[in-house]
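Colleague: The following block contains a protein sequence and its predicted model.
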Amino acid sequence: MEDHPHRRYNALTREWVLVSPHRAKRPWQGQKEKLTGDDRTPYDPGCYLCPGNERAGGIKNPAYTGVYSFVNDFSALLYDSPAGEYADGELFQARSERGKCKVICYSPRHDLTIPEMSQQEVRSVVDLWQREYLELGADPKIGYVQIFENKGAVMGCSNPHPHGQIWSQESVPVEPAKENESQKEYFLRYERTLLGDYLQKELNKKERLLAENDHFAALVPYWACWPFESLVISKDRLQHIGQMNEAQKNALAEMYRRVTIMYDNLFEISFPYSAGIHQSPTDGNDHPWWHFHMHFYPPLLRSATIKKFMVGYEMLGNPQRDITPETSADRLRSLPAEHYRMKK
């Protein structure tokens, strides 16, 4: 079946993806682009995220030397939005949504990305994620904390300075809400977590496994849509990052670096992606079915200049991919562990 069209089931979202491995052999006559070199300097006087520089409205960044977070100057959610609802029958509905959006600068250096940072520097990012999750989630008005990173202009990143974001809001967003229902139903049926069982099967098979340490494993999920999509899953039964101890935070930082180094080494570029953590809501209730994990969605397909986005059939029918998850996993795990720029 791996050489012929077939559909694969995503147990997390209860959706399907069409896999068409024979299409990977077709010639490419689509868009090709010239690569531009990454010649950023450690400090950019025109960057609004660099230490000491001015942001919107005259706000000045402190001379920070490690990780640094602040409320987004152009937040998509506002904490003081007035409450309200609108309904005109079943077909026209709206309701207010309050929240807080924050920016996390991973490093004071303008020229770094996660795979080029040290283990300890990435661990500092994980520490800040934990603090922000606990602080934001403690607010009774916040029901979910979404931690994510967009890397690269192609993924909508408006500034190359190494940074991520946290959007916290009253309701649970669409994608985590899908996963919540799937995980809850599975847990109530088996009294085990869906991702705990799934991970054990992947560790036994090793077909799609990319890397593992004592507390986390990285793999290309069986149902992957994006060409080199990956999933980092906790080996321990953790509902959210707030429960992590020192060893688990070290292990998450290590896995974050290892996956992103693989990406950069694949085509020897600063590899774009969107990545984010899915974890239990912060509505004050217990969610024993939630299992901590992190998604990576990179758009590159055949080379540094050929991208893959959801278009046509994928937007109107269902997601589709040309190379199998097994092929992607094999290519990624065969790459050297050292970042390609360290060899130069």
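Modeller: Arrived safely, thanks for sending. Worth saying up front: this structure is predicted, and the values here are computed from it rather than measured.
Colleague: Spell out, range by range, the helices that occur in the stretch 1-150 of the chain.
Modeller: 119-137 (DSSP state H, counting those that start in this stretch).
Colleague: Next, count neighbours for residue 263.
Modeller: Neighbours of residue 263 under the rule other C-beta atoms under 10 Å: 25. From N, CA and C alone the C-beta is placed, and that goes for glycine too.
Colleague: try residue 280
Modeller: 26.
Colleague: What's the per-residue pLDDT of it here?
Modeller: Per-residue pLDDT puts residue 280 at 98.
Colleague: same thing with residue 64?
Modeller: For residue 64, the predicted pLDDT is 97.
Colleague: just checking, it touches residue 108?
Modeller: Yes. If you go by C-beta atoms under 8 Å, residue 64 and residue 108 touch, sitting 5.7 Å apart.
Colleague: Now the common contact residues for those two.
Modeller: Common neighbours of residue 64 and residue 108 (criterion: C-beta atoms under 8 Å, 6 or more residues apart in numbering): residue 51.
Colleague: More neighbours: those two, which one.
Modeller: residue 108 (21 against 16).
Colleague: Tell me how many other residues surround the nearest residue to the more buried one once chain neighbours are set aside.
Modeller: Spatial nearest neighbour of residue 108, excluding adjacent residues (C-beta to C-beta, 6 or more residues apart in numbering): residue 51 at 4.7 Å. Residue 51: 18 surrounding residues under other C-beta under 10 Å.
Colleague: same deal with residue 91?
Modeller: 6.
Colleague: pLDDT score assigned to residue 41?
Modeller: pLDDT, read off for residue 41, is 93.
Colleague: ugh, wrong one, I meant residue 303
Modeller: Value listed for residue 303 in the pLDDT field: 63.
Colleague: likewise residue 196?
Modeller: 98.
Colleague: Just the buried positions in the one helix or strand it maps to, please.
Modeller: In this structure, residue 196 sits in helix 194-205 according to DSSP states H and E. The neighbour-count check on helix 194-205 (16 or more other C-beta atoms under 10 Å) flags 194, 195, 196, 198, 199, 202 as buried.
Colleague: One more: stretch 213-228?
Modeller: 215-228.
Colleague: Of those residues, which pair is most distant in space?
Modeller: 215 and 227 (27.4 Å; C-beta to C-beta).
Colleague: Tell me what the residue nearest in space to the middle of the chain is bridged to.
Modeller: Against the mean C-alpha coordinate of the chain, by C-alpha atoms, centre = their mean, the closest residue is residue 275 at 1.6 Å. Note on residue 275: beta-bridge partners residue 149, residue 296, judged by DSSP bridges.
Colleague: same deal with residue 87?
Modeller: If you apply DSSP bridges, the partners that residue 87 bridges to are residue 93.
Colleague: Could you check how far it is from residue 209?
Modeller: Separation of residue 87 from residue 209 (C-beta to C-beta, to the nearest Å) stands at 48 Å.
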